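**Student:** need coordinates for the below:
(chains A and B)
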Amino acid sequence: ILNVEQSPQSLHVQEGDSTNFTCSFPSSNFYALHWYRWETAKSPEALFVMTLNGDEKKKGRISATLNTKEGYSYLYIKGSQPEDSATYLCANPGGYQKVTFGTGTKLQVIP
Amino acid sequence: NAGVTQTPKFQVLKTGQSMTLQCAQDMNHEYMSWYRQDPGMGLRLIHYSVGAGITDQGEVPNGYNVSRSTTEDFPLRLLSAAPSQTSVYFCASSYGGSSSTDTQYFGPGTRLTVL
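**Tutor:** Next up is the predicted model:
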């Protein structure tokens, strides 16, 4: 993996369903992995910063895990609600403080 | 605190015109950056600064200039606008010089159209 890749590109789930998506990043020279939530017509807002292999972070119904050895992070949403509809971005701050963002996973929760 | 502010919110330029997008933050953050957001491309880093007087190029710097004379302000200049610069521009800042663990705070964005 040379860049930050996210999958799937978009996702539609029913209200109440749980879902997850993936962020893949270069496993060499790992510094940190950031997750952001970006609602339509707003600005990205930080969800998590993850630094250690095996890290697990949680905020309400949203949680994330990190595997630095294989270069991936999962974001989970339990019991999706319409207000969870947003684009979820991950970002890899590489060396020399240049931050690379993935293209995002756009989640639509259908009531 | 106002956080990160950007002006203008919308701008239409003609090809060849120049303009400056303004960005300011009142959180005493050292790190500031400019991104452009294009459909299917995500956020791409244009330029960044780790403190007053220090700037560096990001992934897509061509056609843009920056300077950082104060901690608070980080303007982005388009020297001769081209249609390829039609995009939404976001300014962001974070606390320290090390961006690895510092989350970024984003401004509301500037939507620029170049005709």
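**Student:** so for chain B, the centremost residue is which one?
**Tutor:** Most central in chain B under CA atoms, centre = their mean is B:Trp34, positioned 2.7 Å from the mean C-alpha point.
**Student:** what about that one, helix or strand, and which?
**Tutor:** strand B:31-38 (DSSP states H and E).
**Student:** relative to strand B:31-38, how tilted is the helix or strand following that strand?
**Tutor:** Next helix or strand after strand B:31-38 toward the C-terminus (DSSP H and E): strand B:42-51. Counting by axes from the mean of the first three to the mean of the last three CA atoms, to 10 degrees, strand B:42-51 lies at 160 degrees to strand B:31-38.
**Student:** dump the C-alpha coordinates for strand B:42-51 into PDB.
**Tutor:** Output in PDB follows, covering the C-alpha atoms of strand B:42-51 (Å, rounded to 0.1, in the frame of the first residue of the first chain):
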ATOM      1  CA  GLY B  42     -10.600  13.400  -1.100                       C
ATOM      2  CA  LEU B  43      -8.600  16.100   0.600                       C
ATOM      3  CA  ARG B  44      -5.200  16.800  -1.000                       C
ATOM      4  CA  LEU B  45      -2.600  18.900   0.800                       C
ATOM      5  CA  ILE B  46      -1.500  22.000  -1.000                       C
ATOM      6  CA  HIS B  47       0.900  23.700   1.400                       C
ATOM      7  CA  TYR B  48       1.600  23.600   5.100                       C
ATOM      8  CA  SER B  49       3.400  25.500   7.800                       C
ATOM      9  CA  VAL B  50       4.900  24.300  11.100                       C
ATOM     10  CA  GLY B  51       5.200  27.800  12.500                       C
END
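**Student:** off-centre distance for the helix or strand just after it?
**Tutor:** Sequence-wise, the next helix or strand downstream of strand B:42-51 (DSSP H and E) is strand B:54-57. Between the centre of strand B:54-57 and the centre of its host chain there is 12 Å, according to CA atoms, centre = their mean, to the nearest Å.
**Student:** pull up the pairing partners for strand B:54-57, direction included.
**Tutor:** Within its sheet, strand B:54-57 is paired with strand B:42-51 (antiparallel), according to DSSP bridges.
**Student:** circling back to that earlier point, who's in contact with the strand holding B:Trp34?
**Tutor:** Residues from elsewhere that reach strand B:31-38 (CB atoms under 8 Å, 6 or more residues apart in numbering or on different chains): A:97, A:99, A:101, B:21, B:23, B:25, B:43-51, B:58, B:60, B:64, B:66, B:68, B:74, B:76, B:85, B:87-97, B:99, B:102, B:104, B:109. For every residue, glycine as well, the C-beta is placed using N, CA and C.
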